[in-house]
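Participant: coords please:
(chains A and B, ligands or ions: 2)
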Amino acid sequence: MAVLSVDALERIDTIVQKYPVKRSALLPVLHVAQNELGWVSREAMEEVADLLELDPDQVEEVASFYTMYYTDPVGTYVLEVCKTAPCSFMGAHEIIDYISETLGIQPGETTADGMFTLFRVECLAACHRAPMMQVNHRYYQDLTPEKVDALITAAQQLQLQTAAGSGFQIRKSWSEEVKTEG
Amino acid sequence: MEPILFKHTEIPDLDRLEVYVDHHGYAAFRRAITELQPQEVTQIVSDSGLAGRGGAGFPTGRKWSFIPKSVLPTYLVVNADESEPGAFKDRELMERNPHQLLEGVAIAAFAIGCQKAFIYIRGEFLYIGEILDAAVAEAYAAGYLGQNVFGSGYNIEIVVHRGAGAYICGEESALLDSLEGYRGFPRLRPPFPAIKGLYGQPTVINNVETIANVPHIVRNGADWYRSYGTDQSPGTKVCSISGPVNRPGNYEMNMGTTFRELLEDRAGGMREGKKLKAYIPGGASAPMLPGTEANIDISLSYEGYREAGSSFGSASFIIIPDDVCILRAQLSLSEFFAHESCGKCIPCREGTPWLAKTVRRIESGQGREEDLPLLLDICDNILGRSFCALGDFSTSNIVASVKYFYDEYEEHIRSQACPYAHQARAVA
Ligand SMILES: Cc1cc2nc3c(=O)[nH]c(=O)nc-3n(C[C@H](O)[C@H](O)[C@H](O)COP(=O)(O)O)c2cc1C
Ligand code: FES
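Facilitator: Numbering: from 1, shown residues only, chains lettered A, B, ... in the order given. Ligands and ions are numbered 1, 2, ... in the order given. Down below sits the predicted model:
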């Protein structure tokens, strides 16, 4: 069953053109698939395999190697807080605890309403702006409990406004609304 | 000192093509492809003494000269994976001055006869990928990149390729596998990438900062470049500094100035109430040094840190304050390497989690007398036996922290507790 939209297929086509060897496009194509679906399902892997003339197991082998691909469903917002040494000296663990308490989930879990997933991740090259996290792969830095509250509230309000929209649309409008700082 | 790479700190909007061009942008590339032969470009870079800024410090001109003359196509791959804890310099170079990198790519590609170059950027740098994509499109449209640039007959295409989260992909041969659409596993060498790299073709892999230096060197000459830095380490180095200092960030430093200048003058010193316990000069893979006066006065250079028994690496300075338990710091580093081991070779795959587990045991007050020799023994079994340098990297801070902070390890074992337990929350 096809899971990718026409728009995604067009983007994939442009990406594939850039490489002398089709398989090279695998990582960027998986990004497109995940961006659309929120995660990389087995169906998505099969479709990607088909597009790049690969075996689905070859796609799965690659998708499961890289931490950015979610091979299990995740929440609409994926909060990934850096826990590596420089961030940990600046209060990363306290921020993780705070998010954990606020959302009522442990790292690795998703809230019951499917809105938020929390992960602890390794250094994201933002050690000078610690503590920090990425939400759906956009950076939020110099975190404080107040900033975390504001981000969570913004997400919840958007969810109410666009209740009929797909997770993808909500994620997109949120990242536009809550502008990421460089 | 006038910045070479960090002109964006003085010139607003340098990320915009017209501003970049107003400040000599693409002049070096024009000169290279209209006035110089590829070998002459390589010679200038060799003469400048520029060395790889990705960590290993290999002479850049020499690396380019290994590319055979008659095997086509050749590839240039820029390493923008920047995943080593403590490093965040390439990010600023790409974000604030993308055309400086693109011009460097174009010149380096010309020097090695390459018409298609790749920038492999870590996947999490989503917005930087967008900045680079936009800059590439802008440069194509303005005729600075693409077909028949400046009427020279030379074509250059640049592809920005996003990775997907794996520290190992910063290792150059694993990066190539990843770019080809495989798991990022390091390759057996020889053959070296210069002979058989991307798609089996001759390939040069260089760090972002290395390449960003190239336009300046080609425009101003090797002697000018050597007027910066020391004899053995010509030029400047962008140093990242993080931890509890007043102004953490990136600072471009003339090589040969001291770490004291970076810490106290540029970064504003330690935050109030914090004292320097130790610091790591070259990212998580470089051995930590205790914060003694002598170590604060080390010269920022490859030789300076080699002589001090550590490594300048990517010049990523991680500040460890006195209220942090050294075992907690070590645990965080050990967990990083255990998490990032790619699993290809046994010493690293088995050894890195074992190190983390043992450090965790000691830190949590369950250490045994025999754990200290055990730690060093595991290191012995990884060092030099792992397939790539990631394994070696995982041992360097264990060895250094045991050497410099032996008392702290012993105290944990003797008292069966962490003496810092009352401090901030334990590393989980
Ligand atoms: C585990 C590991 C991770 C590395 N990560 C990076 C990295 O993120 N960026 C980088 O430029 N070099 C990294 N390197 C070094 C590269 O293998 C290679 O030496 C470098 O990209 C060459 O470019 P240069 O000569 O311009 O420094 C890493 C090496 C190892 C062993
Ligand atoms: S340690 Fe958190 S971003 Fe580097």
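
Participant: Which residue would be the closest one in chain A to ligand 1?
Facilitator: residue A:125 (8.9 Å; C-beta to the nearest ligand atom). Heads up, the C-betas are built off the backbone N, CA and C, glycines and all.

Participant: got the contact list for that residue?
Facilitator: B:82-83, B:87-88, B:90-91, B:122, B:124-125 (C-beta atoms under 8 Å, 6 or more residues apart in numbering or on different chains).

Participant: Excluding residues flanking it in the chain, which one is nearest residue B:258?
Facilitator: Residue nearest to residue B:258 in three dimensions, not counting chain neighbours: residue B:297, with 5.2 Å by C-beta to C-beta, 6 or more residues apart in numbering or on different chains.

Participant: What does the pLDDT read for the one you found?
Facilitator: Residue B:297 is assigned 98 on the pLDDT scale.

Participant: That one and residue B:304: what is the separation?
Facilitator: Separation of residue B:297 from residue B:304 (C-beta to C-beta, to the nearest Å): 9 Å.

Participant: Please indicate which of the contacts of residue A:125 are buried?
Facilitator: B:82-83, B:87-88, B:90-91, B:122, B:124-125 (16 or more other C-beta atoms under 10 Å in any protein chain shown).

Participant: quick revisit: SS state for the residue of chain A closest to ligand 1?
Facilitator: Here residue A:125 is recorded as coil under DSSP: H, G, I helix; E, B strand; the rest coil.

Participant: After the top helix by length along chain B, which helix or strand is next? Please name it.
Facilitator: Counting by DSSP state H, the longest helix found in chain B is helix B:346-363. Heading C-terminal from helix B:346-363, the first helix or strand you meet, by DSSP states H and E, is helix B:371-382.

Participant: and for that following helix, what are the contacting residues?
Facilitator: B:347-348, B:351-352, B:354-355, B:358-359, B:361-362, B:391-392, B:394-395, B:398-399, B:402, B:409-410, B:413.

Participant: just to revisit the earlier point, contacts for the longest helix of chain B?
Facilitator: B:325, B:327-328, B:330-331, B:334-335, B:337-338, B:341-343, B:367-368, B:371-372, B:374-375, B:378-379, B:381-382, B:385-388, B:390-391, B:394-395, B:398, B:409, B:412-413, B:418, B:426-427.

Participant: Off-centre distance for that helix?
Facilitator: Computed by C-alpha atoms, centre = their mean, to the nearest Å, the chain-centroid distance of helix B:346-363 equals 25 Å.

Participant: and the direction of that helix versus that of helix B:371-382, what angle?
Facilitator: 160 degrees (axes from the mean of the first three to the mean of the last three C-alpha atoms, to 10 degrees).

Participant: quick one: is helix B:346-363 near ligand 1?
Facilitator: No. Applying C-beta under 6 Å from any ligand atom, one finds helix B:346-363 out of contact with ligand 1, separated by at least 10.0 Å.

Participant: what does stretch B:387-404 give?
Facilitator: Yes. Stretch B:387-404 reaches ligand 1 (C-beta under 6 Å from any ligand atom) through B:388-390.

Participant: From the residues you listed, list the buried ones, please.
Facilitator: B:388, B:390.

Participant: quick one: which of the residues of stretch B:387-404 next to ligand 1 is nearest chain A?
Facilitator: Of all those, chain A sits closest to residue B:390, with 13.1 Å by C-beta to the nearest C-beta.

Participant: Tabulate the buried ones among the contacts of residue A:125 in a markdown table, adding columns for pLDDT, distance to residue B:25 and secondary structure.
Facilitator: Shown next, in a markdown table, are the buried ones among the contacts of residue A:125 (pLDDT from 0 to 100; distance: C-beta to C-beta, whole Å; DSSP: H, G, I helix; E, B strand; the rest coil):
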| residue | pLDDT | distance to residue B:25 | secondary structure |
| --- | --- | --- | --- |
| B:82 | 97 | 24 | coil |
| B:83 | 96 | 29 | coil |
| B:87 | 98 | 26 | coil |
| B:88 | 98 | 24 | coil |
| B:90 | 98 | 19 | helix |
| B:91 | 97 | 21 | helix |
| B:122 | 97 | 26 | coil |
| B:124 | 96 | 28 | coil |
| B:125 | 95 | 23 | coil |
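
Participant: Which one of these is nearest to residue A:135?
Facilitator: Using C-beta to C-beta, residue B:124 comes nearest to residue A:135 of the buried ones among the contacts of residue A:125, at 11.6 Å.

Participant: quick revisit: same list (the residues of stretch B:387-404 next to ligand 1) but as CSV, adding secondary structure and pLDDT.
Facilitator: What follows is those, written out as CSV (DSSP: H, G, I helix; E, B strand; the rest coil; pLDDT from 0 to 100):
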residue, secondary structure, pLDDT
B:388, coil, 95
B:389, helix, 96
B:390, helix, 96
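
Participant: check whether the helix or strand harbouring residue B:115 contacts chain A.
Facilitator: Per DSSP H and E: residue B:115 is located in strand B:114-121. Yes. Applying C-beta under 8 Å from any C-beta of the partner chain, one finds strand B:114-121 touching chain A at residue B:116.

Participant: all strands for chain A, in order.
Facilitator: Assigned by DSSP state E, the strands in chain A fall at A:77-82, A:116-121, A:133-135, A:138-140.

Participant: actually chain B, not the one I wrote
Facilitator: Using DSSP E, strands in chain B cover B:74-80, B:114-121, B:157-162, B:203-207, B:236-242, B:249-254, B:276-280, B:289-290, B:316-321.

Participant: what sits up against the fourth one?
Facilitator: Spelled out, it's strand B:203-207. B:52-55, B:60, B:63-64, B:67, B:74-79, B:90, B:108, B:112, B:114, B:172, B:175-176, B:193-194, B:197, B:314.

Participant: change it to 7 Å
Facilitator: B:52-54, B:60, B:63-64, B:67, B:74-79, B:108, B:112, B:172, B:175-176, B:193-194, B:197 (C-beta atoms under 7 Å, 6 or more residues apart in numbering or on different chains).

Participant: ok, and which of those reach ligand 1?
Facilitator: Among those, ligand 1 is touched by B:52-54, B:79, B:172 when using C-beta under 6 Å from any ligand atom.

Participant: Which of these are buried, as a PyMOL select command?
Facilitator: To isolate the buried ones among those in PyMOL, judged by 16+ other C-beta under 10 Å, type:
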select buried, chain B and resi 52+53+54+79+172
